[in-house]
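>>> This is the structure alone, sequence omitted:
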């Protein structure tokens, strides 16, 4: 590690370690309303650019300060790839309607209504600050002295310095702040070390007063506006099959218990396809956190919608839960068909109903996740191989067979290949499966259970799905309002909704003990069960 020595006895920016009085002043500032810029610890007021450089030491560190050269504007100082960067944030007044004006803060063409909104956007989304720098901001560097003290200490020094501008009329800040990349970087780290590093050396680091605040006031809340709190990284599934209680099953049950299966079949038989699609969509949107997300959950997630959480590193558990849900939903529908030991006509009738449910999910509900899960059930090899059943479907339910072959299957293929996307005005849950499989490849199920096989697709398709993820992240509000419109006035039946809850499906398929086993083992076992059921219905033809 690099240690620097000071040859001069009195650095230009001399700061005392924070006294008790200064600490109290700082705490008072941080307790102000979140709309007051002083309440945000990442705002350092009018510290000079030399000092700001000495504060951002780790990759991804950032702070915001007043611009010295452009009165009223701000500068975001950050550390990225061992370079200190300074980005000008222009404060502009825009006419919003008639005579009303409002303030906006602009960074490289992106405009925000407040500096906290700008900070939350770039930290939460990990978006790059500018295209040419590629820099992101991860961690705020919090001030450890009150702004009132920083102002009296630095504003005099800055005013003196501004009298001694270089002959070309540029202050030091302007030399590192222009929008052009070639002169943007301060390439020489040694210059900042002699100037302002004592600002960080003469008192304890930021952590000390954060600890102190937490000890005095309990955990800091986001709405206090004190600081950006990192989101909670969930590591446990939201599904708890062993604790699940249901009127449809006893406290403990075996896999595919006959009595429970019979009741499931009865409920599915009585259900019309549109009602089924609504129940599925309600449950899907609940698991994916598209609607009915409480402010507490939003705070934990760090974003407002599950569609944005899906695209972020700490959204892994949600991605895994959705892959689990996809798999169990598809398997339950497959069991409905394969567990029907009656005639081919009965099985063909079930296939027809499942096709109608898929069509309702696609067209009426705009739920591409539910649609993909139901289509997966029909495409499972154990179901697809039932030639007699499919032939009977074509004879008895010709329009259903045509709908499946000519419309639904080609549409599913186009969605997977990125040649088709869902109309925004109708979508409640976009087609996220390729993204889930890309981000959680090793977790996406056992052998042969990939919901979306990446082996067969090109790089352009992969890039399409990664690009689509950005769109999903931004449109959470639209999906929510679409879902609310489509489910408005919908009265679900409690028992029917249970059929489409992942906890219930896991208990039905694997039993109260098996549901807790490792996923890969569960999937492998059930793949064998499905194969046995399928072979029993239509024994494989032996080739001699």
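Ah, there it is. Small disclaimer: the values here were computed from a predicted structure and weren't measured. Residues are numbered from 1 along each chain as shown.

>>> what is the rounded mean pLDDT of stretch 466-479?
Here stretch 466-479 scores 86 as its mean pLDDT.

>>> what comes up buried for it?
468-469, 472-473, 475-476, 478-479 (16 or more other CB atoms under 10 Å). All C-beta spots, glycine's among them, are computed from the backbone N, C-alpha and C.

>>> a markdown table please, covering those and showing secondary structure and distance to residue 343.
A markdown table is the format used below for those (DSSP: H, G, I helix; E, B strand; the rest coil; distance: CB to CB, whole Å):
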| residue | secondary structure | distance to residue 343 |
| --- | --- | --- |
| 468 | helix | 43 |
| 469 | helix | 45 |
| 472 | helix | 44 |
| 473 | helix | 48 |
| 475 | coil | 46 |
| 476 | helix | 46 |
| 478 | helix | 46 |
| 479 | helix | 42 |
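
>>> Any chance of TSV for those residues, columns distance to residue 278?
Converted to TSV, the buried residues of stretch 466-479 look like this (distance: CB to CB, whole Å):
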residue	distance to residue 278
468	25
469	27
472	22
473	26
475	22
476	21
478	19
479	16
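
>>> Tell me the one of the residues you listed nearest residue 143?
The closest of those to residue 143 turns out to be residue 473 (CB to CB; 30.9 Å).

>>> By residue count, what's the longest helix in this structure?
Taking DSSP state H as the criterion, the chain has its longest helix at helix 316-338.

>>> which helices and strands does it pack with?
Counting by 3 or more CB pairs under 8 Å, 6 or more residues apart in numbering; DSSP states H and E, the packing neighbours recorded for helix 316-338 are helix 258-270, helix 273-287, helix 344-359, helix 368-379, helix 381-384, helix 433-439, helix 502-514, helix 519-537.

>>> Out of these, which one sits most buried?
Compared across the helices and strands packed on helix 316-338, helix 368-379 shows the largest average neighbour count, a mean of 24 (mean count of other CB atoms under 10 Å).

>>> for the buried residues of stretch 466-479, which one is nearest residue 281?
residue 479 (11.0 Å).

>>> My guess is the closest one contacts residue 431. True?
No. The criterion here is CB atoms under 8 Å, and residue 479 misses it with residue 431 at 11.9 Å.

>>> returning to what we had before: ok, which pair from the buried residues of stretch 466-479 is furthest apart?
The span of these, defined through CB to CB, is set by 469 and 478 at 15.3 Å.

>>> Contacts only, for the residue sitting nearest the centre point of the chain.
Centroid check for the chain by CA atoms, centre = their mean gives residue 309 as the closest residue, at 1.4 Å. By CB atoms under 8 Å, 6 or more residues apart in numbering, the contact set of residue 309 is 289, 301-303, 315, 318.

>>> Report the buried members of the residues you listed.
Here, 16+ other CB under 10 Å leaves 289, 301-303, 315, 318 buried among those.

>>> From residue 297, how far out is the closest residue in space to residue 244 that isn't next to it in sequence?
Spatial nearest neighbour of residue 244, chain neighbours left out: residue 503 (4.0 Å); criterion: CB to CB, 6 or more residues apart in numbering. Using CB to CB, to the nearest Å, residue 503 is found at 18 Å from residue 297.

>>> just residue 259 next, same as before
Between residue 259 and residue 297 the computed distance is 36 Å (CB to CB).

>>> and what of residue 239?
Residue 239 is 16 Å from residue 297, by CB to CB.
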